[in-house]
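Asks: next comes the sequence, and after it the predicted model I'd like to discuss.
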Amino acid sequence: MSKVKVGIIGSRFQADCVAAAVKAVPEEAELVAVASPTKGNAAAFAKRHGVPHAYTDYRELLRNPEVEMISITAPNRLHAEITIAAAKAGKHVVCEKPLCMTLEEADAMIDVCRQAGVLLLYAEELFFAPKYVKAKQMADEGAFGRVHLVKQGEKHSGPHADWFWDVSQSGGGAVMDLGCHGIAFCWWFLGKQKVKSVYSHMATQVHRDRTEGEDEAVTIIEFANGAVGMVESSWNRPGGMDDCIEVFGDKGQTYADMLMGNALPTYSEVGFGYAVEKAASTKGWSYPVFEEQWNYGFPQEMRHFARCVRGTETPISDGETGRMVQEVLYAAYASAGQGCRIALPFRPKGVAKPIDLWKPIPVAPVRKLSS
Ligand SMILES: NC(=O)c1ccc[n+]([C@@H]2O[C@H](COP(=O)([O-])OP(=O)(O)OC[C@H]3O[C@@H](n4cnc5c(N)ncnc54)[C@H](O)[C@@H]3O)[C@@H](O)[C@H]2O)c1
């Protein structure tokens with residue numbers, strides 16, 4: 001089977017991740033192009049990863065007949081526009097999470113890709129993270145009996161790029177950025193059950209000077225079979241990325257810590273190069289993770305997507321997955337705004353971005369006690 005020729009749109013954080021994933025599956029895919037608007041960035045990325053073609057406008061990349069599949073690693077507000085242009089150019093699309101800003105965009109992305117006969121693949125690497133895949137295999141085998149509660153948490157100290165903090169570009173805060181993983185994870189883990197209702201509590205606890213978005217949230221998802229998903233999302237946890245799951249059934253349970261649980265508890269007085277994503281320091285105690293990309297499932301995800309393009313595998317994560325997540329995101333923000341559970345289907349029209357459905361709940365000022 002020939003290698004799938006991949007073009008990456010964007011040239012920074014996730015673009016490097018996608019490039020590493022492609023290079024980790026050389027028999028399945030190869031990088032042929034990159035596009036990024038900031039002067040010099042695409043060229044530098046091309047040099048760093050040995051990519052033959054670099055463009056400043058993604059439309060030029062879409063005109064390159066060599067490119068079969070694109071990977072969108074641009075900010076959220078651009079996902080729909082780029083997907084639609086790519087589908088019209090006949091390219092298969094891998095879209096990073098979250099799928100887009102609005103449900104209308106999600107519908108349009110799915111429709112255009114379907115009409116063009118190209119795949120719309122939703123990049124949710126947790127479906128490929130080896131520890132989580134093992135947990136699901138055991139659950140599907142019946143190891144835990146009937147699973148009634150699945151928890152996923154993704155927490156770090158806050159995003160690396162300014163646009164994440166600007167809700168007009170990101171669509172929301174920690175739930176939009178990290179909660180989208182947990183929503184998809186719980187749904188996938190529980191066998192893609194329909195979502196019945198969503199309850200979410202959100203607050204901006206720490207970063208009020210940087211964002212109008214929520215930086216801390218707990219979201220509870222009720223599925224059609226009665227099982228519950230609980231998703232914790234935080235931009236307020238220094239010390240490096242933390243991604244964990246817990247699974248509970250009537251016959252057992254399992255816990256998986258994707259990063260710290262696969263790291264070397266390390267103490268260094270002088271520090272060293274790199275421990276884990278978003279860890280600010282390697283001095284003192286730290287948790288350097290090995291095979292970070294593989295632990296996340298990025299190469300495994302890329303192998304699957306390349307095989308989907310070649311028709312040897314059926315997508316386990318596609319535009320419909322992204323749209324389901326988008327609807328739950330809408331419901332989560334509306335729930336946090338209204339202080340009540342939101343039943344699905346929930347498809348309010350004309351919402352510009354999910355966070356518009358939420359009104360921040362003020363944190364009460366700390367009262368000084370008189371002595
Ligand atoms: N799956 C994951 O775990 C994961 C991790 C990080 C980011 N992401 C997602 O990937 C996307 C990118 O995030 P990031 O962390 O790489 O952000 P980033 O800010 O590090 O990189 C964004 C890139 O997009 C480029 N860009 C901006 N406007 C563009 C345009 N008009 N055309 C082409 N490129 C443009 C920027 O120049 C930059 O290279 C986001 O949607 C984010 O949610 C997913």
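Replies: Cool, the structure landed.
Asks: tell me how many other residues surround His160.
Replies: Residues lying near His160 (other Cβ atoms under 10 Å) number 11. (Glycine included, C-beta is placed from N, CA and C.)
Asks: in three-state terms, label it for me.
Replies: With DSSP: H, G, I helix; E, B strand; the rest coil as the basis, His160 sits in coil.
Asks: report the contact partners of the residue nearest to it when sequence neighbours are not counted.
Replies: Once flanking residues are discounted, His160 sits nearest to Phe13: 6.0 Å by Cβ to Cβ, 6 or more residues apart in numbering. Applying Cβ atoms under 8 Å, 6 or more residues apart in numbering to Phe13 gives the contacts 73, 160-161.
Asks: between those residues, which is nearest Gly191?
Replies: Thr73 (29.6 Å; Cβ to Cβ).
Asks: quick check: residues of the chain near the ligand?
Replies: Contact residues, the chain versus the ligand (Cβ under 6 Å from any ligand atom): 9-15, 35-38, 41, 58, 73-76, 78, 96-97, 123, 125, 161, 163.
Asks: and the buried ones among these, selectable in PyMOL?
Replies: Only the buried entries of the residues of the chain next to the ligand go into this PyMOL selection, using 16 or more other Cβ atoms under 10 Å:
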select buried, resi 9+10+11+14+15+35+36+41+58+73+74+75+76+78+96+97+123+125
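Asks: from the residues of the chain next to the ligand, which ones fall inside helices?
Replies: In helices, judged by DSSP state H, the following of the residues of the chain next to the ligand are found: 13-15, 41, 58, 163.
Asks: let me have these in a markdown table, adding pLDDT as columns.
Replies: Rendered in a markdown table, the data for those read as follows (pLDDT from 0 to 100):
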| residue | pLDDT |
| --- | --- |
| Phe13 | 97 |
| Gln14 | 98 |
| Ala15 | 98 |
| Asn41 | 96 |
| Tyr58 | 98 |
| Trp163 | 98 |
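Asks: so which of those is the closest to Gln293?
Replies: Gln14 (11.8 Å).
Asks: in space, what's closest to the closest one - neighbours in sequence excluded?
Replies: Leaving aside its sequence neighbours, Gln14 sits nearest to Thr73 (Cβ to Cβ, 6+ apart; 4.0 Å).
Asks: I am finished for the moment; much appreciated.
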